[in-house]
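Chemist: Have a look; sequence and predicted model below, questions after that.
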Amino acid sequence: MGTLTNAREATAEMRKVRQIRQYRPDAVPDDVLAEFLEIARWTGSSRNTQPWHFIVVTDKEQLRRISQVRAAINWVADAPLAIAIVLDGANDTAEAYDEGRVTERLLIGAHLLGLGGGTAWFGDASQQRQGKEILGIPAERTARSVVTLGYPVTSKDPRPGAAAGGRKPLSEIVSYGRLGEPGA
């Protein structure tokens, strides 16, 4: 197992990861994209099935069309890059778990590489069909989201009615031994 010289620094950086929805127009360099794809490839999966295929999207028209699948993801149009996560469609429960794992790894990787990342869910079954059509994905495969990547302008959510930031205190979300039991 690898050991970091300052693991607390790494965990502090992980706590700074935010959903980014506003990007500079600068392209993501090829070597950085290659690093993202390696991060995705090396993400763990249920029973090591690696049930995914990744579609790199940089075409502005394609990003615009994805952004129109659902109003809440209109910000995708201004991202310089998106990676669609396409799953085999063999085990919905395990693949949903794996999709979450790879998404979070890409978001953390973006932050550590000095970029930002955001997750855009297509939405309901009809919207997922629309997203798959844009990306040329067969009906039997699963595709629910893209991860956008780029150089952040801000972490402020530009959408109307954006949720407030911050976190609940640990005392509200942690129990010991049994639900509702406070720590010592």
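Modeler: Nice, I can see it.
Chemist: my guess is Val86 meets Ser145, correct?
Modeler: No - under the criterion of C-beta atoms under 8 Å, Val86 makes no contact with Ser145, lying 10.1 Å away. For the C-beta atoms, the positions are set from N, CA and C on the backbone; glycine is no exception.
Chemist: Now do the helices in this protein.
Modeler: Using DSSP state H, the helices found in the chain span residues 7-14, 30-41, 60-67, 92-112, 125-135, 170-173.
Chemist: Could you tell me which ranges of the chain sit under the pLDDT cut-off?
Modeler: Scanning the chain with the threshold set as pLDDT under 70 gives 1-4, 184.
Chemist: in this structure, which strand has the most residues?
Modeler: strand 142-150 (DSSP state E).
Chemist: Run me through the strand neighbours of that one, direction for each.
Modeler: strand 81-87 (antiparallel), strand 116-121 (antiparallel) (DSSP bridges).
Chemist: Figure out which of the ones you listed is closest to Val32.
Modeler: Nearest to Val32, of all the strands paired with strand 142-150, is strand 81-87, at 9.4 Å by C-beta to C-beta.
Chemist: chain center to the closest one: distance?
Modeler: 9 Å (C-alpha atoms, centre = their mean, to the nearest Å).
Chemist: want to throw the strands paired with strand 142-150 into JSON lines with distance to Val153 and mean neighbour count?
Modeler: Formatted as JSON lines, these follow (distance: least, C-beta to C-beta, whole Å; neighbours: other C-beta atoms under 10 Å):
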{"stretch": "strand 81-87", "distance to Val153": "15", "mean neighbour count": "23"}
{"stretch": "strand 116-121", "distance to Val153": "9", "mean neighbour count": "24"}
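Chemist: Could I get those in TSV, plus columns for distance to Ile39?
Modeler: Listed next are those as TSV, based on distance: least, C-beta to C-beta, whole Å:
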stretch	distance to Ile39
strand 81-87	10
strand 116-121	11
